[in-house]
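**Q** Sequence first, predicted coordinates after that:
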Amino acid sequence: MSDDTWKDLVGLFADGAYGSVKGQVRTYVMHQQLLEHLPPPPARVLDVGGGAGHQSFPLAQAGYEVTLLDSSPAMLDKARQRLAHLPTKDRVTLLQGDGEKAAEAVDGQTYDAVLCHGVLGYLADPEPLLTQLCQCTKEGGIVSIMSGNGRTGAVRPALEQRWADALEAFDATHEIGVLGVPTRGDTVENLSELLKKNDVEPLQWYGVWLFTDWLDFSGVELDPADTEKLQQIAAVELEASRRDPYRQLSRPFHLVGRKG
């Protein structure tokens, strides 16, 4: 995607999507999953395509040294604005650069963990970026990928009662995503094989959200200001993300591997 595209979408993405119940659930669930695999702080984390820092800034607050790499100046400006209000700004470095040239952008440095969440689906071919992620990871380090689940394409149109679209989506690999731009689905199996080609062994995979997604597309409004209910929802979604068949029905999935 172009920088101009993200400039038009930064408010919808960074404020709207992440400010919703579903967005807060995503951040919480994936943070808990990451903590199961990351080395202890102050390990160094590279967040490729990290946008406004919603996933990596909590890691900085937990004591990690974070580098956020993104190609979009608009997203980096938003990250800079958010960072200004955090007490952990000294543990965060912001870099502009193309994820498919990540190793060059970080001057060949390697990291204890490399994250790439919600980026692969915007690329026609995930392999070049995936190769860069692995190249930027230290031996023994962690690679964390979140991508759209190519096997759940019929869920959204069905819940929105677009039945003809849902029928076609069973065999489709592409859709127009919730931000109004084309996206592509992956599978745990195909990304696992690409990781193995780069000496990264898959460790575990998870769902990300399920019930909040279904409620959202069914027209149910959840209040992000209801913190008590939000905590209850997040606890249920975290448990569902670890169990079959629930994780298999999640529209995005989270895959974690270790290099070497």
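**A** Looks like it came in fine.
**Q** C-alpha from now on. contacts and neighbour counts both.
**A** Fine.
**Q** Centre-most residue in the chain?
**A** Closest residue to the average C-alpha location of the chain: residue 117 at 2.4 Å, with Cα atoms, centre = their mean.
**Q** Please name the nearest non-neighbouring residue to it.
**A** Nearest residue to residue 117 in three dimensions, chain neighbours excluded: residue 146, at 4.3 Å (Cα to Cα, 6 or more residues apart in numbering).
**Q** which of the residues in whichever strand or helix holds the one you found are buried?
**A** Using DSSP states H and E, residue 146 maps to strand 137-148. The neighbour-count criterion (16 or more other Cα atoms under 10 Å) identifies 137, 138, 139, 141, 142, 143, 144, 145, 146, 147, 148 as the buried residues of strand 137-148.
**Q** ok, now which ones touch residue 99?
**A** 48, 49, 69, 70, 71, 129, 132 (Cα atoms under 8 Å, 6 or more residues apart in numbering).
**Q** ok, residue 143 touching residue 257?
**A** Yes: taking Cα atoms under 8 Å as the contact criterion, residue 143 and residue 257 are neighbours in contact, 5.2 Å apart.
**Q** Overlap of the contact sets of those two?
**A** The overlap between the contact sets of residue 143 and residue 257 (Cα under 8 Å, 6+ apart) consists of residue 200.
**Q** List the beta-bridge partners for the residue nearest to residue 117.
**A** Beta-bridge pairing for residue 146 (DSSP bridges): residue 117, residue 254.
**Q** Quick one: residues contacting it.
**A** 116, 117, 118, 119, 252, 253, 254, 255.
**Q** With distance to residue 106 as extra columns, can I get these in a markdown table?
**A** Conversion of the contacts of residue 146 to a markdown table gives the following (distance: Cα to Cα, whole Å):
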| residue | distance to residue 106 |
| --- | --- |
| 116 | 15 |
| 117 | 18 |
| 118 | 20 |
| 119 | 18 |
| 252 | 28 |
| 253 | 27 |
| 254 | 24 |
| 255 | 23 |
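**Q** how about TSV for those, with distance to residue 154 and pLDDT added?
**A** TSV is the format used below for those (distance: Cα to Cα, whole Å; pLDDT from 0 to 100):
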residue	distance to residue 154	pLDDT
116	25	98
117	22	97
118	19	93
119	21	95
252	13	96
253	16	98
254	19	98
255	22	98
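**Q** Any of the residues you listed buried? List them.
**A** The neighbour-count test (16+ other Cα under 10 Å) applied to the contacts of residue 146 identifies 116, 117, 118, 119, 252, 253, 254, 255 as buried.
**Q** from what I can see the second one touches residue 50, true?
**A** If I follow you right, that is residue 117. Yes: taking contact to mean Cα under 8 Å, the distance of 7.2 Å between residue 117 and residue 50 places them in contact.
**Q** So for the helix or strand residue 130 falls within, mean pLDDT?
**A** Taking DSSP H and E as the criterion, residue 130 maps to helix 127-135. Averaging pLDDT along helix 127-135 yields 98.
**Q** Give me the contacts around that helix.
**A** Identification of contacts with helix 127-135 by Cα under 8 Å, 6+ apart yields 48, 99-103, 110, 114-116, 120, 143, 194-195, 198-200, 259.
**Q** tell me which residues in it are buried?
**A** By neighbour count with 16+ other Cα under 10 Å, helix 127-135 contains the buried residues 127, 129, 130, 131, 132, 133, 134, 135.
**Q** from the residues you listed, which is closest to residue 83?
**A** Of all those, the one with the least separation from residue 83 (Cα to Cα) is residue 133, at 24.0 Å.
**Q** distance of that closest one from residue 144?
**A** Summarising the geometry, the distance separating residue 133 from residue 144, computed by Cα to Cα, to the nearest Å, is 9 Å.
**Q** Mutual contacts of the two, please.
**A** A shared contact of residue 133 and residue 144, defined by Cα under 8 Å, 6+ apart, is any residue touching both; here these are 114, 115, 116.
**Q** does the last one really touch residue 137, like I thought?
**A** No: the pair residue 116 / residue 137 is not scored as a contact, 12.0 Å apart, by Cα under 8 Å.
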